[in-house]
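**Q** Any chance you could fold what I've pasted below:
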Amino acid sequence: MQLSVISFTRTGSRLSERIGGCPQWGDVKRFTKCKSVATEDREQEAITYVPQSICEWAGEQMEEKNILLFIGACGIAVRAIAPHLTDKLHDSPVLVMDEEGKYVIPILSGHVGGANEIARLLADRMQAKAVITTATDVNGSFAVDLFAKKNALSIENKNGIASISSKILEGKTITVSIEPGHWNQQEKLPSQICIVDYPPKEPVNLVISAEQRDFEAELFLIPKEYVIGIGCKKGKEEQKLIAWIQKNLKAMGITMEQIYAVASIDHKKEEEGLLALTREERIPFLTYSSEELLKVPGDFQESEFVKETVGVSNVCERAALLACGEGGSLVYGKHAEDGMTIAIARRKWSVSFDEG
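**A** Down below sits the predicted model:
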């Protein structure tokens, strides 16, 4: 995700220039509605003037899945983003900072989108105070949607989030059933979490499993256990790439919600089709050097043409396995079509309730 900052005055624009890039949000794109600021000859990085309405600008940024930071009044931000809201699992993180840089307030997608975490990072870097209003954060309670994000779990039925959060805030105990072999039973649990046998023999609050079973539970969390390894010719059309990936996922009975990451060689780190897909689905896009890929052990479908082009004879299979980490295995070997290659690997998944 990229951080897009918009200011409305000279003071706000100067504050925006103090916000630098970092791994959590990449580069910073600075915008302003103050035309005189945008046209000034500055030594600092350029600030782009926004000629359209703030609402239109916000819509464009949210469509690109960027992080939005408004330097100004909360009311401006609320009105700008209101027409573009979808749901808590897909909305972009949106934050507001006052012109003096004293406070950072996440107002949308605090947990799944990461706005709360971003607010804390920004506050630390800007010597400001993060104003967090999410009930579970304020009370220091277990937040199931944040737990899902940290453990790379897909939320199957988002309505269950509110139900479980309400019970937590009321001080009730939450029953959780986890597929065996994917949790350290010696781990210390939050006080309101009670682990029950798997498969559950009676209704439970939460089930965490890769298996498709007819359990009775308020919320289902499914591990993102697959990695897509991809290779393609430079400039491959976005729609062709996406259709190719979806075709192969369907052949394996895998949904996009089960994808942990898309992986390729670093030559493809700016490939627009892959960037568009991973941005839209909020999936990490991991790239590796040819040297890193060459170190991946295994028997792979080799290509001399690919080796001469990028320095390694197989990109998709090696990249998929490397992104899995230790214990990964290929479940779908290299398939090629029209200048595109794909492979799918399964990673070992586990969950932890450690909030550190």
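
**Q** Tell me the buried residues in stretch 29-37?
**A** Of all the residues in stretch 29-37, those buried under the rule 16 or more other Cβ atoms under 10 Å are 29-34, 37. (Glycine included, C-beta is placed from N, CA and C.)

**Q** any idea how far Gln192 is from the closest residue to Ser209 other than its chain neighbours?
**A** Take Ser209 and drop its neighbours on the chain: the residue closest to it by Cβ to Cβ, 6 or more residues apart in numbering is Glu179, 4.0 Å away. Using Cβ to Cβ, to the nearest Å, one obtains 21 Å as the distance from Glu179 to Gln192.

**Q** thinking again about what came up before, can you redo the buried residues of stretch 29-37 as CSV with secondary structure, distance to Asp299 and pLDDT?
**A** Written out in CSV, the entries for the buried residues of stretch 29-37 read as follows (DSSP: H, G, I helix; E, B strand; the rest coil; distance: Cβ to Cβ, whole Å; pLDDT from 0 to 100):
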residue, secondary structure, distance to Asp299, pLDDT
Lys29, strand, 44, 93
Arg30, strand, 49, 93
Phe31, strand, 50, 95
Thr32, strand, 55, 93
Lys33, coil, 58, 91
Cys34, coil, 60, 87
Val37, helix, 59, 75
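
**Q** for the protein, what are the low-confidence residue spans?
**A** Judged against pLDDT under 70, the low-scoring parts of the chain cover residues 38-45, 355-356.

**Q** Please enumerate the helices of it.
**A** If you assign secondary structure with DSSP state H, the helices in the chain sit at 10-16, 35-39, 54-63, 74-81, 115-126, 135-138, 144-150, 159-169, 238-252, 272-281, 290-294, 304-310, 316-324.

**Q** Distance to Pro23 for those - can I get that in a markdown table?
**A** What follows is the helices of the chain, written out as a markdown table (distance: least, Cβ to Cβ, whole Å):
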| stretch | distance to Pro23 |
| --- | --- |
| helix 10-16 | 20 |
| helix 35-39 | 28 |
| helix 54-63 | 20 |
| helix 74-81 | 25 |
| helix 115-126 | 10 |
| helix 135-138 | 22 |
| helix 144-150 | 16 |
| helix 159-169 | 27 |
| helix 238-252 | 26 |
| helix 272-281 | 16 |
| helix 290-294 | 18 |
| helix 304-310 | 25 |
| helix 316-324 | 17 |
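
**Q** Can you tell me which of the ones you listed is packed in deepest?
**A** Among the helices of the chain, helix 316-324 has the highest mean neighbour count (mean count of other Cβ atoms under 10 Å), at a mean of 27.

**Q** just checking, what packs against it?
**A** The elements that helix 316-324 packs onto, with contact taken as 3 or more Cβ pairs under 8 Å, 6 or more residues apart in numbering; DSSP states H and E, are strand 226-232, strand 259-265, strand 285-288, helix 290-294, strand 329-337, strand 340-346.

**Q** Which of these sits closest to Gly72?
**A** Across those, the minimum distance to Gly72, taken as Cβ to Cβ, is reached by strand 285-288, at 31.8 Å.

**Q** rewinding a little: with respect to Ser163, which of the helices and strands packed on helix 316-324 lies nearest?
**A** With Cβ to Cβ as the measure, strand 259-265 is the member of the helices and strands packed on helix 316-324 nearest Ser163 (26.5 Å).

**Q** Now do that closest one: everything it contacts.
**A** With Cβ atoms under 8 Å, 6 or more residues apart in numbering as the test, strand 259-265 has contacts from 152, 224-231, 249, 271, 274, 277-278, 281, 283-290, 293, 310, 312, 315-316, 319-320, 322-324, 347.

**Q** what are the bridge partners for Val176, then?
**A** Legend: beta-bridge partners of Val176 under DSSP bridges are Ile195, Leu206.

**Q** from memory it sits against Asn205, does it?
**A** Yes - Val176 sits in contact with Asn205 when judged by Cβ atoms under 8 Å, with a separation of 6.8 Å.

**Q** Who has more neighbours out of those two?
**A** The residue with more neighbours, out of Val176 and Asn205, is Val176; 26 against 23, by other Cβ atoms under 10 Å.

**Q** how much space between that one and Leu146?
**A** Here the criterion is Cβ to Cβ. By it, Val176 lies 15 Å from Leu146.

**Q** what sits up against stretch 278-287?
**A** Contact partners of stretch 278-287, identified using Cβ under 8 Å, 6+ apart, comprise 1, 64-65, 90, 256, 259-269, 274-275, 277, 319, 323.

**Q** swap that for stretch 315-322, sorry
**A** Contacts of stretch 315-322 with the rest of the structure, by Cβ under 8 Å, 6+ apart, involve 227-231, 263-265, 286-288, 292-294, 296, 298, 300-301, 306, 312, 328-330, 333-334, 341-345.

**Q** Kindly write the PyMOL command that selects the buried subset of these.
**A** What follows is the PyMOL syntax for the buried subset of the contacts of stretch 315-322, where burial is set by 16+ other Cβ under 10 Å:
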select buried, resi 227+228+229+230+231+263+264+265+286+287+288+293+296+300+306+312+328+330+334+341+342+343+344+345
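
**Q** Any idea which of the helices of the chain gets closest to Cys22?
**A** Across the helices of the chain, Cys22 has its closest neighbour in helix 115-126 (7.1 Å, Cβ to Cβ).

**Q** by contact count, what packs against that closest one?
**A** Where contact means 3+ Cβ pairs under 8 Å, 6+ apart, helix 115-126 is packed against strand 67-71, strand 94-97, strand 103-108, strand 129-130.

**Q** Take these and lay them out in JSON lines including distance to Glu117.
**A** JSON lines is the format used below for those (distance: least, Cβ to Cβ, whole Å):
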{"stretch": "strand 67-71", "distance to Glu117": "11"}
{"stretch": "strand 94-97", "distance to Glu117": "11"}
{"stretch": "strand 103-108", "distance to Glu117": "9"}
{"stretch": "strand 129-130", "distance to Glu117": "9"}
